[in-house]
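[1] could you work out the structure for the sequence below:
(2 chains)
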Protein chains: 2
Amino acid sequence: MAKQERAIRTRNALIESAAALFDRDGFEVASLATISARAGVSSGALHFHFQSKAALADAVVGAAGERLVRITRDREALPLQILIDASHELVQGLRADSVLRAGFDLSANAERRPRAAQDLRRLWRDWVESTVARAEREGHLAPDVTARDVAAAVVAVAAGHEVLGHQDPCWLERAPLTRFWSFLLPRVVGAARVGLFVASGDPAAEPTASR
Amino acid sequence: MAKQERAIRTRNALIESAAALFDRDGFEVASLATISARAGVSSGALHFHFQSKAALADAVVGAAGERLVRITRDREALPLQILIDASHELVQGLRADSVLRAGFDLSANAERRPRAAQDLRRLWRDWVESTVARAEREGHLAPDVTARDVAAAVVAVAAGHEVLGHQDPCWLERAPLTRFWSFLLPRVVGAARVGLFVASGDPAAEPTASR
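    Predicted coordinates for the structure are as follows:
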């Protein structure tokens, strides 16, 4: 049991190390030797867990997928507030967590993405679409907007913050996304219902404790 | 003179070939041998024009920068219509023109971007900000929005369409961006003034003839 725990810890350390180095140096440049050294693990142990750099990339995408599942969990709130909260968590995660960042990055490059790995942007997009559709069914959208247009704008803006954040981390701070939501909400829900929503995200919804 | 023309043609063929291969295979993977072969040029001729792959990347970013300058040219229209038209041209260009696509991509990767090369997203962002500020000065923005918020949303959405288009070229078609503008315009200019603008872009503004 202790042995198994140690194996899990080693595996996780390798995933974290690979994510940090893919993120810093790029997938092609990062070497297995540097990844194992950074994880404090022998290259034999690395090869015991992962047969190739592609297998490591696959594991990074998988770990990022688990984080994304947690970010898009259901909560006790209006669907649009859940969407606002999740968008903040995603962007905060992309700023602070190299597994999420490298996972999204690897998953976005079809030529690098292992066949088995998830397409994280696709997962995020599907979830945004179903959440906005729920808001529409529950009568929370303004009468002259469609769920499709709201979802497309949110997906594009989140991808934009993600990619602009690579160059300028300011895009991944809370303030720009809060301003975006404050700007967009009157159009999405109508001016009368803006007060129902917290553009900066609901602090009570932050999953810091569960990490 | 004929010799000089031939030299310019060879140089342009190498830039087009490099852009197509950086775009298809990535900067690290694309080889100088493939680039010169695809351009129908000897490797000696390539080295005459470009000392390294980095110099070629620099030239691709430079050529993309020239296209961006053309896209963001001044026109006879309201500033927000100029912005709509330019956003369509940019997204169409990212779809159809591998020089523009590879240039944006290279320019976004700080570790790959040659020091001398322009930051194309920064150029685009500065232009969007100044154009929206002009619209605000001329009284075209709704009273409860700020130029800063409009510009940030447009920059993020354009970057989002660019990056999502890598995986799914539908994002670079005219329809999604038209839907975005139709969705956003009532918020940006107020419902009463929406009719002043063409969300799909002004066809008369297309610079097809000048290419």
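[2] check which helix or strand the residue nearest in space to the middle of chain A maps to.
    Centroid-nearest residue in chain A, with CA atoms, centre = their mean: residue A:90, separated by 4.5 Å. In this assignment (DSSP states H and E), residue A:90 forms part of helix A:79-96.
[3] please state the offset of that helix from the chain centre?
    Distance, stretch centre to chain centre, for helix A:79-96: 8 Å (CA atoms, centre = their mean, to the nearest Å).
[4] show me what counts as buried in it.
    A:79-95 (16 or more other CB atoms under 10 Å in any protein chain shown). To be clear about C-beta, it is placed using only N, CA and C from the backbone, and glycine gets the same treatment.
[5] again with stretch A:9-25
    A:10-11, A:13-23.
[6] what about residue A:69, neighbour count?
    12 (other CB atoms under 10 Å in any protein chain shown).
[7] hmm, I was thinking of residue A:78
    17.
[8] ok, and what's touching the helix of greatest length in chain A?
    In terms of residue count, the longest helix belonging to chain A (DSSP state H) is helix A:2-25. Contacting residues not belonging to helix A:2-25 are listed as A:30, A:34-36, A:38-41, A:45-46, A:49-50, A:53, A:56-57, A:59-60, A:63-64, A:98-99, A:101-103, A:105-106, B:111 [CB atoms under 8 Å, 6 or more residues apart in numbering or on different chains].
[9] can I get the CA coordinates of it in CSV?
    Extracted as CSV, the C-alpha positions of helix A:2-25 are listed here (Å, rounded to 0.1, in the frame of the first residue of the first chain):
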residue,chain,number,x,y,z
ALA,A,2,2.8,2.4,0.9
LYS,A,3,4.5,1.2,-2.3
GLN,A,4,1.4,2.0,-4.3
GLU,A,5,1.1,5.4,-2.7
ARG,A,6,4.7,6.1,-3.5
ALA,A,7,4.1,5.1,-7.2
ILE,A,8,1.1,7.4,-7.4
ARG,A,9,3.2,10.2,-5.9
THR,A,10,6.0,9.6,-8.4
ARG,A,11,3.6,9.5,-11.3
ASN,A,12,2.0,12.8,-10.2
ALA,A,13,5.4,14.4,-9.7
LEU,A,14,6.4,13.4,-13.3
ILE,A,15,3.1,14.8,-14.6
GLU,A,16,3.7,18.1,-12.8
SER,A,17,7.3,18.3,-13.9
ALA,A,18,6.4,17.5,-17.6
ALA,A,19,3.6,20.1,-17.5
ALA,A,20,6.0,22.8,-16.1
LEU,A,21,8.6,22.0,-18.8
PHE,A,22,6.2,21.6,-21.7
ASP,A,23,4.8,25.0,-20.6
ARG,A,24,8.2,26.7,-20.3
ASP,A,25,10.1,25.1,-23.1
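[10] name the nearest residue to the residue nearest to the centre of chain A, sequence neighbours excluded.
    residue A:71 (5.4 Å; CB to CB, 6 or more residues apart in numbering or on different chains).
[11] then residue A:38?
    residue A:17 (4.2 Å).
[12] now do residue A:50
    Residue A:50's closest residue in space is residue A:56 (CB to CB, 6+ apart), at 4.7 Å.
[13] could you pull up the mean pLDDT of the helix holding residue A:90?
    What helix A:79-96 shows for mean pLDDT is 95.
[14] which helices and strands sit right next to that helix?
    Applying 3 or more CB pairs under 8 Å, 6 or more residues apart in numbering or on different chains; DSSP states H and E, we find helix A:79-96 packed against helix A:53-71, helix A:98-108, helix A:120-137, helix A:147-167, helix A:174-189.
[15] pick the most deeply packed of these.
    helix A:98-108 (a mean of 25; mean count of other CB atoms under 10 Å in any protein chain shown).
[16] does that one reach chain B?
    Yes - using CB under 8 Å from any CB of the partner chain, helix A:98-108 reaches chain B at residue A:108.
[17] so how far is that helix off the chain centroid?
    For helix A:98-108, the distance to the chain centre is 8 Å (CA atoms, centre = their mean).
[18] need the contact partners of that helix.
    Against helix A:98-108 from outside (CB under 8 Å, 6+ apart): A:15-16, A:18-20, A:22-23, A:27, A:57, A:60-65, A:67-68, A:90, A:93-95, A:112-113, A:117-121, A:162, B:163, B:166-167.
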